[in-house]
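# just to be clear, the model below is a prediction. Sequence and coordinates:
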Number of protein chains: 2
Amino acid sequence: MTEAGASPKERDPQAVSRFVELFAGQLADAGMARMPARVFAALLASDDGVLTSAELGDQLRISPAAVSGAVRYLSQTHLISREREPGSRRERYRVHNNQWYEAIANREAMLRHWQSALREGVTAVSPGSPAEERLRETLEFFEFIEVELTEMMRRWREKRGPAGGLR
Amino acid sequence: MTEAGASPKERDPQAVSRFVELFAGQLADAGMARMPARVFAALLASDDGVLTSAELGDQLRISPAAVSGAVRYLSQTHLISREREPGSRRERYRVHNNQWYEAIANREAMLRHWQSALREGVTAVSPGSPAEERLRETLEFFEFIEVELTEMMRRWREKRGPAGGLR
DNA sequence: CCTTAACTTCACAAGTTTCTGAAAGAAGCG
DNA sequence: CGCTTCTTTCAGAAACTTGTGAAGTTAAGG
């Protein structure tokens, strides 16, 4: 009854691994570096959203060094947090159930950079030219996006839990 | 009076080039390949939004081969269109004033891929587990985003011109 | 139809990124 | 305190990416 078959009652490690690699590949296509993407996907699919360094290295068949690099990146960008297993020297890494997509959706820093580059562009072209109008309009678009994204995330939070953000 | 100085009355090629490289760098950080990003930025900052292959190679100091590769990518993704200069064998490339940001904002294909990966993930983990809930919620988030993005772009079009989309 | 200008394709060299093994660095536990 | 277990850092090998030159293809214009 533990064999492969339709509608498994239990976690299917092979299928999970397939998902992890597939989803990680898509994160990578979207610009995330390969190892961080794999580690993040593995955590997403883990039972409790928590894995140790050793478990990660094991599942993904990567060296401790690779795990180290990946989790450093992920915790710097607040996609995961590290915690120490009490009474052990093992580190555990956890996905934030209710915050990680905000981190993804929130490209505020990026938008600001784009905006500032565009302001520079506006001053470089001839006043009154089509180029100037084009750049101004693009700038307005990014300002629009910035406001919209903020509101969108507010709506998501509301929809999720009128109770509040933490779970 | 055509020298460098404060508030130039005319287009300042050096400043434009600085903008092009800066903005292209940011597009590259966001995941666009280097050459397409530079070509696209150059078109954005060009006076009429139109440049020939030769002009592009000239301004960016890249080979015809590099131009060719970049414009192929850009026109495949509908960020620019190619047109033939009538009575000449030169090709011209043009940014779409009112559509290119839609192309950027419209990550529908990407969202669909993420969603389908997540659906696969949901079936791989144990039913009723926290993992299942986590993946389901993530899936819902992306479904939410998809709807929101569509509405956001509709609002942008409205705001731009009640007149209509073409200019 | 031949010439020639323009664009495209392709193989490869140069440059960059990525992951590993090895060694060094922390920190629990006796 | 020192032993042991885990994590981090770092230099370098391997893999991948990128842009070029050169050859090939297309089509305008004589």
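Thanks, I have it. Residues are numbered from 1 along each chain as shown, chains lettered A, B, ... in the order given.

# low-confidence ranges, chain A, go.
Chain A contains residues with pLDDT under 70 at A:1-8, A:106, A:162-167.

# near DNA strand C, which residues of it are found?
Applying CB under 7 Å from any atom of the strand, we find that chain A lies next to DNA strand C at A:33-35, A:61-66, A:69, A:84, A:87-89. Every residue, glycine included, has its C-beta placed from N, CA and C.

# residue A:27 belongs to a helix, doesn't it?
Yes - the assignment for residue A:27 (DSSP: H, G, I helix; E, B strand; the rest coil) places it in a helix.

# so who does the residue nearest to it when sequence neighbours are not counted touch?
By the measure of CB to CB, 6 or more residues apart in numbering or on different chains, the closest residue to residue A:27 outside its immediate chain neighbours is residue A:37, 3.8 Å from it. Contacts for residue A:37 (CB atoms under 8 Å, 6 or more residues apart in numbering or on different chains) come out as A:24, A:25, A:27, A:28.

# next one: residue A:37 from DNA strand D, what distance?
14 Å (CB to the nearest atom of the strand, to the nearest Å).

# for the residues of chain A next to DNA strand C, which one is nearest residue A:136?
When the residues of chain A next to DNA strand C are compared for distance to residue A:136 (CB to CB), residue A:33 wins out at 34.8 Å.

# next, count neighbours for the closest residue to the closest one other than its chain neighbours.
Sequence neighbours aside, residue A:73 is the residue nearest to residue A:33 in space, at 6.9 Å (criterion: CB to CB, 6+ apart). Neighbour count for residue A:73, taken as other CB atoms under 10 Å in any protein chain shown: 18.

# am I right that residue A:73 is in contact with residue A:40?
No - taking contacts as CB atoms under 8 Å, residue A:73 lies outside contact range of residue A:40: 9.5 Å.

# tell me if I'm right that residue A:136 and residue A:122 touch.
Yes - using CB under 8 Å, residue A:136 is in contact with residue A:122, at 5.9 Å.

# ok, residues contacting stretch A:113-131?
A:132, A:135-136, A:138-139, A:142-143, A:146, B:9-12, B:15-16, B:18-19, B:22-23, B:26, B:44-49.

# quick one: buried ones out of those residues?
A:132, A:135, A:138-139, A:142, B:11-12, B:15-16, B:19, B:22-23, B:26, B:44-46, B:49 (16 or more other CB atoms under 10 Å in any protein chain shown).

# could you list which of these belong to helices?
A:132, A:135, A:138-139, A:142, B:15-16, B:19, B:22-23, B:26, B:44-45 (DSSP state H).

# out of those residues, which is nearest to residue A:109?
For these, the nearest to residue A:109 is residue B:26 (10.8 Å; CB to CB).

# residues contacting that closest one?
Applying CB under 8 Å, 6+ apart, the residues near residue B:26 are A:110, A:113, A:114, A:117.

# need the residues you listed in TSV (columns: secondary structure, distance to residue B:99 and neighbour count).
Below are the contacts of residue B:26 laid out as TSV (DSSP: H, G, I helix; E, B strand; the rest coil; distance: CB to CB, whole Å; neighbours: other CB atoms under 10 Å in any protein chain shown):
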residue	secondary structure	distance to residue B:99	neighbour count
A:110	helix	21	13
A:113	helix	23	18
A:114	helix	18	23
A:117	helix	21	23
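
# which one of the contacts of residue A:37 has the most neighbours?
Within the contacts of residue A:37, residue A:24 tops the neighbour count with 23 neighbours, counted by other CB under 10 Å.

# does that one touch residue A:44 like I think?
No - between residue A:24 and residue A:44 there is no contact under CB under 8 Å: 9.5 Å.

# SS state for the spatially most central residue of chain A?
Centre of chain A computed as the mean C-alpha position; nearest residue by CA atoms, centre = their mean is residue A:104, 4.6 Å away. State at residue A:104, reduced to three classes by three-state DSSP: helix.

# centre of the chain to the one helix or strand the residue nearest to residue A:27 maps to, how far?
Per DSSP states H and E, residue A:37 falls inside helix A:34-45. How far helix A:34-45 lies from its chain's middle: 9 Å, per CA atoms, centre = their mean, to the nearest Å.

# flag every buried residue along that helix.
Quick answer for helix A:34-45 (16+ other CB under 10 Å): A:35, A:36, A:37, A:38, A:39, A:40, A:41, A:42, A:43, A:44, A:45.

# that one: what's the following helix or strand?
strand A:50-52.

# so who does residue A:42 touch?
So residue A:42 contacts A:20, A:24, A:51, A:56, A:59, A:60 (CB under 8 Å, 6+ apart).

# list the contacts of the second one.
By CB under 8 Å, 6+ apart, the contact list for residue A:24 reads A:34, A:37, A:38, A:40, A:41, A:42.

# go ahead and confirm the fourth one touches residue A:93.
What it means is residue A:40. No - counting by CB under 8 Å, residue A:40 does not reach residue A:93; the two are 9.5 Å apart.
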